[in-house]
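Engineer: I would like the atomic coordinates for the input below:
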Amino acid sequence: MSVRSLEDVLQAAGGPVKLLRNSQTGPYIYPVVPPEFSNWRDEQRAWRDSAILFNQSYHMTDMYMEGPDALKVLTMLGINSFKDFGPNKAKQFVPCNYDGHVIGDVILFHLEQNRFNLVGRPSVHNWVQYHVETGKYDVKLERDERSAARPGGLGLVRKAYRYQVQGPNAMKVMEKATGKPVPNVKFFNMTEFQIAGRRVHALRHGMVGQPGFELFGPWDDGEAVKAAIIEAGQEFGLRQSGARTYSSNTLESGWIPSPMPAVYSGEQMKAFREWLPGNGYEASASLGGSFYSNDIRDYYLTPYDLGYGIMVKFDHDFIGRDALEKIAANPPRKKVTLVLHPDDVSRGIRTMFNKDKRTKYFDFPSAVYSTLPYDKVMKNGKTIGVSTWCGYSANEGAMLTLAIVDNAYSEPGTEVTFVWGEEGGGSLKPTVERHEQLEIRATVAPVPYSEPARLAYRAS
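Structural biologist: Residues are numbered from 1 along each chain as shown. I've put the predicted structure just below:
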């Protein structure tokens, strides 16, 4: 029996919406790292008030590219400009399908001449690998799958460790851990440190709008490096982030982690769907939330929807360029933060004390319960956008969502309605109990919602 492809699975399920809506997979998980080291409220506050250590070693796919054609492939696929993109630099890499809809985004590290690493969710890695293999480019690929994708989910050993030290005291922590003043490194440029006698690669980053670094190196060095950072951070209020806390930091920074991979439709994409396995990320991801359409294309997002318009550079040919040139002058939607009304959220939570007629459960701090969350945003009974992430910020004392809305409703202060819960009492996903939908008043706010993040990203 031949191995089934994504295309085979879609045909058997009656289409992508049916497949994803009832997928048995839950939210994208952050494995191995304990849920909490102290409590998620204080862990959230640490990135605002002191410093935090994120352990990113387990939940992202790494794919190393090496060869004379590596940059050619990346240039052909990415909306980004690669002018002056030399070794020891990184960028957010965003590829699209032929209609200009985003397949995903990852961080692309230029490690050495003709050697790169892509880090993030695997939809981008699959798209790049497909073109390398079918295009016969002179590129060698090495994939290091995220732990949850390993047989039995037991991928406890990776090729490299990956940590982030973030927050207002991050530089003090790094100075003590390295024993030297921290060099002045430009945003998304790389340098090297010595920590615990180990050589550490460091990307100047700012995941929560505060100064910080992303650190990586050989797996066997990881525990010693982490122990040295924790010891150095004791006097500066450093906390370790648990898995629960990690998935909520995006609410303040404004990055949307889970756009629908725009691969499920279109004749031009069919060969890719036939190449993709029937049990991979694209086939097993779950679709959740109150936004419903039978047309999978209604879930696709453009770079402009996601706030990536500044990254789109028409200085090179890339897949999706023609479509994006038509959108560039007047994108119809804008990314915003929605602040949910506390009385309405509380009203939903109170239903947990009923024997029946309960709303969908709000988990804290991240209320996301599917791989691809899509909730409906309305105004005067009309759908005017979608929310793609929902959760609670202890720093802001608010339940927030990241959303994309029509331009006419994107001004801060605009009042809209956010719909929580699924139609018909819920889907067949195991993360969805029987429930009733709840309409929640919401107010449009800027993105990033966190003022430090907003000012830092604007400057960078």
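
Engineer: next secondary structure after the longest strand belonging to the chain?
Structural biologist: Identified as the longest strand of the chain according to DSSP state E is strand 382-393. Proceeding N to C from strand 382-393, the next assigned helix or strand is strand 398-406, under DSSP states H and E.

Engineer: buried ones in that following strand?
Structural biologist: Going by neighbour count (16 or more other C-beta atoms under 10 Å), the buried part of strand 398-406 is 398-405. C-beta here means a position set from N, CA and C on the backbone, and glycine is covered the same way.

Engineer: dump those residues to a markdown table, plus pLDDT and distance to residue 45.
Structural biologist: Output for those, formatted as a markdown table (pLDDT from 0 to 100; distance: C-beta to C-beta, whole Å):
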| residue | pLDDT | distance to residue 45 |
| --- | --- | --- |
| 398 | 97 | 14 |
| 399 | 98 | 17 |
| 400 | 98 | 15 |
| 401 | 98 | 21 |
| 402 | 98 | 20 |
| 403 | 98 | 25 |
| 404 | 98 | 28 |
| 405 | 98 | 29 |
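
Engineer: and of these, the nearest to residue 163?
Structural biologist: For the buried residues of strand 398-406, the minimum distance to residue 163 (C-beta to C-beta) is 24.8 Å, reached by residue 402.

Engineer: what's the closest one in contact with, if anything?
Structural biologist: Going by C-beta atoms under 8 Å, 6 or more residues apart in numbering, residue 402 touches 250-251, 254, 256, 335-338, 387-389, 447.

Engineer: with adjacent residues omitted, what lies nearest to residue 364?
Structural biologist: residue 392 (5.2 Å; C-beta to C-beta, 6 or more residues apart in numbering).

Engineer: residues touching that neighbour, list them.
Structural biologist: Residue 392 sits in contact with 248, 251, 364-367, 398-400, where contact means C-beta under 8 Å, 6+ apart.

Engineer: bridged to it, which residues?
Structural biologist: The partner list for residue 392 in beta bridges (DSSP bridges) reads residue 399.

Engineer: this structure: helices as residue ranges?
Structural biologist: Counting by DSSP state H, the chain has helices at residues 6-13, 16-21, 40-49, 70-77, 122-135, 170-178, 222-233, 243-246, 250-253, 270-275, 281-284, 321-328, 342-350, 451-459.

Engineer: deepest in the core, which of those helices is it.
Structural biologist: helix 250-253 (a mean of 25; mean count of other C-beta atoms under 10 Å).

Engineer: look up how far residue 105 lies from the residue lying closest to residue 276 once chain neighbours are set aside.
Structural biologist: Closest residue to residue 276 apart from its sequence neighbours, by C-beta to C-beta, 6+ apart: residue 6 at 3.9 Å. Here residue 6 is placed at a distance of 20 Å from residue 105 (C-beta to C-beta, to the nearest Å).

Engineer: and what of residue 170?
Structural biologist: In terms of C-beta to C-beta, residue 170 sits 24 Å off from residue 105.

Engineer: hmm, the residue nearest to residue 276 is touching residue 281, no?
Structural biologist: No. Residue 6 is not in contact with residue 281 according to C-beta atoms under 8 Å; the separation is 9.7 Å.

Engineer: any low-confidence regions in the stretch 51-200 of the chain?
Structural biologist: 152-155 (pLDDT under 70).

Engineer: same thing but at 90, please
Structural biologist: For the stretch 51-200 of the chain, residues meeting the criterion pLDDT under 90 lie at 136, 147-156.

Engineer: show me where it has its strands.
Structural biologist: Using DSSP state E, counting those that start in this stretch, the strands of the stretch 51-200 of the chain run over 51-55, 61-66, 89-93, 106-112, 115-120, 140-144, 160-166, 190-195, 198-205.

Engineer: any idea which of these is most buried?
Structural biologist: Stretch with highest mean neighbour count among the strands of the stretch 51-200 of the chain: strand 51-55 (a mean of 26; mean count of other C-beta under 10 Å).

Engineer: what does that one rub up against?
Structural biologist: By C-beta under 8 Å, 6+ apart, strand 51-55 touches 33, 43, 46, 162-170, 172-173, 207-208, 226, 229-230, 233, 236-241, 246, 249.

Engineer: one more pass at 7 Å, please.
Structural biologist: 33, 43, 46, 163-167, 169-170, 173, 229-230, 233, 236-241, 246 (C-beta atoms under 7 Å, 6 or more residues apart in numbering).

Engineer: what's the spacing between that strand and its chain's center?
Structural biologist: Distance, stretch centre to chain centre, for strand 51-55: 17 Å (C-alpha atoms, centre = their mean, to the nearest Å).

Engineer: the residue nearest to residue 364 and residue 434: what is the separation?
Structural biologist: From residue 392 to residue 434 the distance is 24 Å (C-beta to C-beta).

Engineer: spatially central residue for the protein, please.
Structural biologist: residue 257 (2.2 Å; C-alpha atoms, centre = their mean).

Engineer: just to revisit the earlier point, what residues are shared contacts of residue 6 and residue 281?
Structural biologist: Common contacts of residue 6 and residue 281 (C-beta under 7 Å, 6+ apart): none found.

Engineer: quick one: the strands in the stretch 301-450 of the chain?
Structural biologist: In the stretch 301-450 of the chain, strands defined by DSSP E, counting those that start in this stretch lie at 333-340, 372-373, 375-379, 382-393, 398-406, 415-420, 438-445, listed in chain order.

Engineer: take those and write them to TSV, including distance to residue 91.
Structural biologist: Below are the strands of the stretch 301-450 of the chain laid out as TSV (distance: least, C-beta to C-beta, whole Å):
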stretch	distance to residue 91
strand 333-340	19
strand 372-373	24
strand 375-379	30
strand 382-393	22
strand 398-406	21
strand 415-420	33
strand 438-445	27
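
Engineer: if we can go back for a sec, out of the contacts of residue 402, which is nearest to residue 189?
Structural biologist: Checking these against residue 189 by C-beta to C-beta gives residue 254 as the nearest, at 22.0 Å.

Engineer: list the contacts of that closest one.
Structural biologist: Here residue 254 is in contact with 337, 402, 447-449, 453 (C-beta under 7 Å, 6+ apart).

Engineer: local confidence estimate at the closest residue in space to residue 408 that isn't next to it in sequence?
Structural biologist: Leaving aside its sequence neighbours, residue 408 sits nearest to residue 384 (C-beta to C-beta, 6+ apart; 7.6 Å). Listed pLDDT for residue 384 reads 98.

Engineer: quickly list the domain ranges of this protein.
Structural biologist: 40-59+155-246, 333-459 (automatic domain parsing).

Engineer: what would those look like in a markdown table with distance to residue 93?
Structural biologist: Listed next are the domains of the chain as a markdown table, based on distance: least, C-beta to C-beta, whole Å:
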| stretch | distance to residue 93 |
| --- | --- |
| domain 40-59+155-246 | 11 |
| domain 333-459 | 17 |
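
Engineer: now the spatially closest residue to residue 351 that is not a sequence neighbour: how far from residue 290?
Structural biologist: Nearest residue to residue 351 in three dimensions, chain neighbours excluded: residue 358, at 4.4 Å (C-beta to C-beta, 6+ apart). Residue 358 is 16 Å from residue 290, where distance means C-beta to C-beta.

Engineer: and residue 413, by the same measure?
Structural biologist: Distance, residue 413 to residue 290, by C-beta to C-beta: 23 Å.
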